[in-house]
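Student: Need a 3D model of the following:
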Amino acid sequence: MEVKTGYLYHIKDCFFEKINSKELMINHDYGHFRPSYLAIKDNDILWFIPLSSKINKYRYIINKKIKKYGKCKGILIKKIADRESAILIQNAFPTLEKYIDSSYTIDGREIFIAPAIRREILSSFKYMLSLKSKGLNLFFTDIDKIREIMNEELLVNS
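Tutor: This is a model prediction of the structure:
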């Protein structure tokens with residue numbers, strides 16, 4: 001499967017079992033893959049940003065953060081596939097292609113993010129990564145630990 005930045009995917013349960021972190025948004029039961037994840041390709045490591053349909057919950061959080069800090073880069077609410085979605089950049093995590101179960105489709109069509117929205121997401125994501133490199137971590141997941149596990153797998157498999 002060719003993974004493309006800006007497209008949506010589902011992650012295999014075995015990834016979440018391997019990482020075993022309460023901070024990750026794991027797949028829900030009921031035979032559905034949820035949440036869906038936006039892919040950002042970065043060489044062999046792939047970054048995934050979960051999407052949520054709980055708009056009211058995240059709109060409240062965004063408003064609280066804007067009131068307190070003047071802005072909110074960790075959560076965006078945008079229209080994706082004709083529905084509003086909360087884009088949870090603060091919950092991003094790295095993984096490998098082998099942990100992708102499938103692409104997210106509607107009526108057999110792969111779903112992708114419009115270019116303008118994709119640029120805004122990438123800008124916020126890069127901003128949060130730059131803050132992290134300066135010692136201010138706004139990510140909920142331990143992205144360093146997960147990236148280390150993924151890099152170890154790459155070394156073993158090469």
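
Student: Bridged to residue 78, which residues?
Tutor: Beta-bridge pairing of residue 78 under DSSP bridges involves residue 85.

Student: Using CSV, write out every CA atom in stretch 8-17.
Tutor: C-alpha atoms of stretch 8-17 as CSV (Å, rounded to 0.1, in the frame of the first residue of the first chain):
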residue,chain,number,x,y,z
LEU,A,8,-6.9,9.0,5.9
TYR,A,9,-6.1,5.5,7.2
HIS,A,10,-7.0,3.0,9.9
ILE,A,11,-4.3,1.5,12.2
LYS,A,12,-4.1,-2.2,13.1
ASP,A,13,-4.8,-3.1,16.7
CYS,A,14,-1.4,-4.8,17.0
PHE,A,15,0.3,-1.4,16.9
PHE,A,16,-1.7,-0.2,19.9
GLU,A,17,-1.0,-3.5,21.7
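
Student: Grab the longest helix from the chain for me.
Tutor: Longest helix in the chain by number of residues (criterion: DSSP state H): helix 115-133.

Student: what helices or strands is the next helix or strand after that one leaning on?
Tutor: Using DSSP states H and E, the helix or strand that follows helix 115-133 in sequence is helix 143-157. Applying 3 or more CB pairs under 8 Å, 6 or more residues apart in numbering; DSSP states H and E, we find helix 143-157 packed against helix 13-19, strand 45-52, strand 93-95. In this view, the C-beta of every residue, glycine as well, is placed from N, C-alpha and C.

Student: Output these in TSV; the columns should cover distance to residue 75, mean neighbour count and mean pLDDT.
Tutor: Formatted as TSV, the helices and strands packed on helix 143-157 follow (distance: least, CB to CB, whole Å; neighbours: other CB atoms under 10 Å; pLDDT from 0 to 100):
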stretch	distance to residue 75	mean neighbour count	mean pLDDT
helix 13-19	21	15	88
strand 45-52	9	22	92
strand 93-95	15	24	94
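
Student: Nearest to residue 104, out of these?
Tutor: For the helices and strands packed on helix 143-157, the distance to residue 104 is smallest for strand 45-52, at 8.9 Å, taking CB to CB.

Student: Listing partners with orientation, what would you give for the closest one?
Tutor: Strand pairing (DSSP bridges) places strand 45-52 next to strand 37-42 (antiparallel), strand 83-88 (antiparallel), strand 93-95 (antiparallel).

Student: so how many other residues sit close to residue 145?
Tutor: Using other CB atoms under 10 Å, residue 145 has 12 other residues around it.

Student: Okay then, goodbye and thanks.
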